[in-house]
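[1] Next one to model:
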Amino acid sequence: MLRQRLSDDLKTAMKSRDQAATSALRLVLAALKDRDIAARSRGITDGIDEAEIVEMLQKMVKQRNESIALYKQGNRQELVDQEQGEIDIIERYLPKKMSDDESDAAVDQLITELGATSIKDMGRVMAAMKERFAGRMDFAKAGARVKQKLG
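    Residues are numbered from 1 along each chain as shown. Below you'll find the model as predicted:
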């Protein structure tokens, strides 16, 4: 579904002569194709699944944020703007991020649901969170919240 949406949006961007979107979507689809090829060695012939596509998109956003920090240090505003434009386009395809309140509520619910009582249960709680909320939750903040609740 996400794969098809990316392809369809590339065609739309090309027809409307949107250079920024065309360029960003081509980068995404090239990275996706690379991942598909790499997955063949693991026996996955139909391409990577939705979760891996989301993970790939998140890494692409992270890379661009790191580039923005370096470009700001180098006083290269035009490159900062270009990277930010790519981030804006890529983020259209990522799931909506949870707010801090939603994240805290999810942590509390999961701790109760799993019956976690001590810091020894933190690994179990974090694993369940990553399984359920991949791509939607900031796990660094959530991990601190879990540690606070269990510690």
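[2] Can you find which helix in this protein contains the most residues?
    helix 50-73 (DSSP state H).
[3] Let me see the contact set for the residue most central in space within the chain.
    Geometric centre of the chain, nearest residue: Gln58, 2.6 Å, by Cα atoms, centre = their mean. The contact partners of Gln58, taken as Cβ atoms under 8 Å, 6 or more residues apart in numbering, are Leu94, Gly135. Backbone N, C-alpha and C define where each C-beta goes, glycine included.
[4] Could you tell me the angle between the very next helix or strand once past the longest helix of the chain and helix 50-73?
    Remark: after helix 50-73, the chain's next helix or strand is helix 77-91, criterion DSSP states H and E. Between helix 77-91 and helix 50-73, the angle comes out at 170 degrees (axes from the mean of the first three to the mean of the last three Cα atoms, to 10 degrees).
[5] Break this protein down into its structural domains.
    2-91, 100-150 (automatic domain parsing).
[6] on that earlier part again, could you check how far the longest helix of the chain is from the centre of its chain?
    The chain centroid and the centroid of helix 50-73 are separated by 8 Å under Cα atoms, centre = their mean, to the nearest Å.
[7] Would you mind writing the CA trace of it as PDB?
    The C-alpha coordinates for helix 50-73 follow below in PDB (Å, rounded to 0.1, in the frame of the first residue of the first chain):
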ATOM      1  CA  GLU A  50       5.400  -2.000   5.300                       C
ATOM      2  CA  ALA A  51       7.200  -1.900   8.700                       C
ATOM      3  CA  GLU A  52      10.600  -2.000   7.000                       C
ATOM      4  CA  ILE A  53       9.600   0.800   4.600                       C
ATOM      5  CA  VAL A  54       8.500   3.000   7.600                       C
ATOM      6  CA  GLU A  55      11.800   2.200   9.300                       C
ATOM      7  CA  MET A  56      13.700   3.200   6.100                       C
ATOM      8  CA  LEU A  57      11.700   6.500   5.900                       C
ATOM      9  CA  GLN A  58      12.500   7.300   9.500                       C
ATOM     10  CA  LYS A  59      16.200   6.700   8.900                       C
ATOM     11  CA  MET A  60      16.000   9.000   5.900                       C
ATOM     12  CA  VAL A  61      14.500  11.700   8.000                       C
ATOM     13  CA  LYS A  62      17.100  11.200  10.700                       C
ATOM     14  CA  GLN A  63      19.900  11.500   8.100                       C
ATOM     15  CA  ARG A  64      18.500  14.700   6.800                       C
ATOM     16  CA  ASN A  65      18.200  16.200  10.300                       C
ATOM     17  CA  GLU A  66      21.800  15.400  10.900                       C
ATOM     18  CA  SER A  67      22.700  17.000   7.500                       C
ATOM     19  CA  ILE A  68      20.700  20.100   8.500                       C
ATOM     20  CA  ALA A  69      22.700  20.500  11.700                       C
ATOM     21  CA  LEU A  70      26.000  20.400   9.700                       C
ATOM     22  CA  TYR A  71      24.700  22.700   7.000                       C
ATOM     23  CA  LYS A  72      23.700  25.200   9.700                       C
ATOM     24  CA  GLN A  73      27.200  25.100  11.100                       C
END
